[in-house]
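Enquirer: Need coordinates for the following:
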Amino acid sequence: MSKDQWVWQIEETFPSRTGAGKDILNSVLEQLKVYGYADHDISSVHLALEEALVNAIKHGNQHDADKQVHVVVKLSPNLLRIEVEDEGTGFDPEGVPDPTLPENLELPSGRGLMLMRSFMSRIEFNESGNRVLMEKVRTPS
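Expert: As a prediction, this is how the structure comes out:
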């Protein structure tokens, strides 16, 4: 999609502190409402983006406030694209245990990635695993 088709964009960098991504999260959700995205799409994006931000702060940057989280969001009438990048060493998303398997039910992590994959239309990681690209295709009304 060319940049001319984006109706709204935001780019923000913030330190790895709990709650630091709240403003960008709220801005994205507000713009989804402005452009008439369905409530269930907005809820899906809320959960997925919140999880991506928490993962970047907690797992990627290890709560190190000297490390930054960089977020780029682009919105078109029918597509939301979000990139979240941290300054951590990255991870292998395929190495995250399946949280639905009985032996993993009580593990403290892994469900967030599953939620992101189920709520977004597309999710992919860069090769080093410190940047996630998520897209949500607008549900037709």
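Enquirer: mind listing the helices for the protein?
Expert: For the chain, the helices defined by DSSP state H cover 22-34, 39-55, 111-119.
Enquirer: Give me the buried positions along the last one.
Expert: For helix 111-119, a neighbour-count test (16 or more other C-beta atoms under 10 Å) marks 112-113, 116, 119 as buried. In short, each C-beta sits where N, CA and C put it, glycine included.
Enquirer: can you pull the contacts of the residue nearest to E87 when sequence neighbours are not counted?
Expert: Using C-beta to C-beta, 6 or more residues apart in numbering and skipping residues adjacent in sequence, the residue nearest E87 is K67, 4.1 Å away. Residues in contact with K67 (C-beta atoms under 8 Å, 6 or more residues apart in numbering) are 15-16, 60-61, 86-88.
Enquirer: List only those of the residues you listed flagged as buried.
Expert: Buried, going by 16+ other C-beta under 10 Å: 16, 60-61, 86-88, out of the contacts of K67.
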